[in-house]
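>>> Give me coordinates for this.
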Amino acid sequence: MLDVRRLHLLRELDRRGTIAAVAEALTFTASAVSQQLGVLEREAGVPLLERSGRRVVLTPAGRSLVAHADAVLERLELAVAELAGAREGIGGPLRIGTFPSGGHTIVPAALAELTRRHPALEPMVQEIDSARVSDGLRAGELDVALVHDYDFVPATPDTTVDEVPLLEEPMYLVTPATAGAAGRGGSLGELLGPFAETPWITARDGTTGHAMAVRACQAAGFQPRIRHQVNDFRTVLGLAATGQGAGLVPEMATDRSPADVVLTRLPLFRRSKVAFRAGGGTHPAIAAFVAAARAAVDSMPRAEPAG
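Okay, here's the model as predicted:
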């Protein structure tokens with residue numbers, strides 16, 4: 001009989017690439033991970049791993065077993081959700097991940113609704129980049145999370161995670177008022193092109209927000225000259241207001257824009273979703289968070305751009 005915990009380790013090795021990364025993510029020692037994977041190979045009766053230089057890669061049999069592991073672990077999530085539904089009331093910890101602008105806007109209203117309806121629930125929020133959410137969910141660090149993707153940076157398909165849509169919002173070019181408004185043409189090149197020589201403010205390198213800004217500028221025909229890297233869109237707006245450069249912000253972040261910036265709507269969108277482990281969507285606590293997040297989005301004021 002194959003051990004489910006060892007299947008989980010094999011799946012993490014497939015996703016993370018090295019035994020050291022699996023050990024760090026799941027708080028094991030590397031030797032313990034190697035030992036457990038060796039036991040799994042003996043249970044399977046065929047080689048699942050092979051050395052490739054200093055790395056360990058999965059054999060075809062190992063990759064096939066990972067696909068079965070995905071299905072098995074999804075069924076376990078369904079079972080956990082069904083058992084939770086059989087209990088009376090919703091309570092206990094709920095570990096929630098969020099990106100920064102969602103933490104400013106959606107999360108506070110959602111938590112107010114959650115605690116009002118389910119006072120025994122213990123929400124625990126941590127800020128996390130959307131690119132790391134899948135790892136956090138699989139490792140059990142998170143139960144549910146707000147995630148997003150952008151035009152030019154689509155989400156990578158992941159069979160271990162389910163998502164439900166929450167919000168689609170336009171992106172805005174934010175520029176110092178002293179720099180003047182963007183061009184009035186409809187294309188990205190016409191709107192961003194006048195700021196090709198302007199310093200730019202982006203999210204930190206390695207984030208989806210950084211990739212979105214760089215690719216949007218490249219699509220407009222230039223490579224941005226990045227001066228500042230900050231993940232908080234409120235800081236982007238503040239820096240732009242003091243003449244530090246141009247940046248891109250989602251509509252969600254523009255409701256309290258400084259007076260000394262110009263906002264120009266772009267033909268570029270961000271899509272926010274709620275993510276959870278595959279099979280976990282019917283868990284009462286997760287379903288309650290999804291409902292609360294949707295209510296929070298419905299009650300959000302929509303920004304009026306300054307330009």
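>>> Test my guess that H8 contacts L73.
Yes - between H8 and L73 there is a contact at 6.6 Å, judged by Cβ atoms under 8 Å. Any C-beta I mention is one placed from the backbone N, CA and C, and that applies to glycine too.
>>> Just the buried positions in the longest helix anywhere in the chain, please.
Ordering each helix of the chain by length in residues (DSSP state H) puts helix 60-86 first. For helix 60-86, the neighbour count (16 or more other Cβ atoms under 10 Å) marks G62, L65, V66, A69, D70, L73, E74, E77, L78, A81, A84 as buried.
>>> Kindly report the same for stretch 3-14.
R6, L7, H8, L9, L10, R11, E12, L13, D14.
>>> same thing with stretch 148-158?
Buried residues in stretch 148-158 (16+ other Cβ under 10 Å): H148, D149, Y150, D151, F152, V153, A155, D158.
>>> Can you measure across stretch 217-224, start residue to end residue?
This stretch, stretch 217-224, spans 6 Å end to end (Cα to Cα, to the nearest Å).
>>> I meant to write stretch 251-265 there.
End-to-end distance (Cα to Cα), stretch 251-265: 9 Å.
>>> for the buried residues of stretch 3-14, which one is nearest V133?
E12 (15.0 Å; Cβ to Cβ).
>>> Helix or strand next in line after whichever strand or helix holds that closest one, which one?
Using DSSP states H and E, E12 sits within helix 4-16. Using DSSP H and E, the helix or strand that follows helix 4-16 in sequence is helix 19-26.
>>> next one: phi and psi at the residue nearest to the spatial centre of the chain?
For the chain, the residue nearest the mean C-alpha position is S130 (1.7 Å; Cα atoms, centre = their mean). Dihedral angles of S130 (phi, psi; degrees, to the nearest 10) stand at phi -60, psi -30.
>>> Identify the bridge partners of the residue nearest to it when sequence neighbours are not counted.
With Cβ to Cβ, 6 or more residues apart in numbering as the criterion, S130 has its nearest non-adjacent residue at 4.3 Å, and that residue is V147. V147 has these beta-bridge partners by DSSP bridges: K273.
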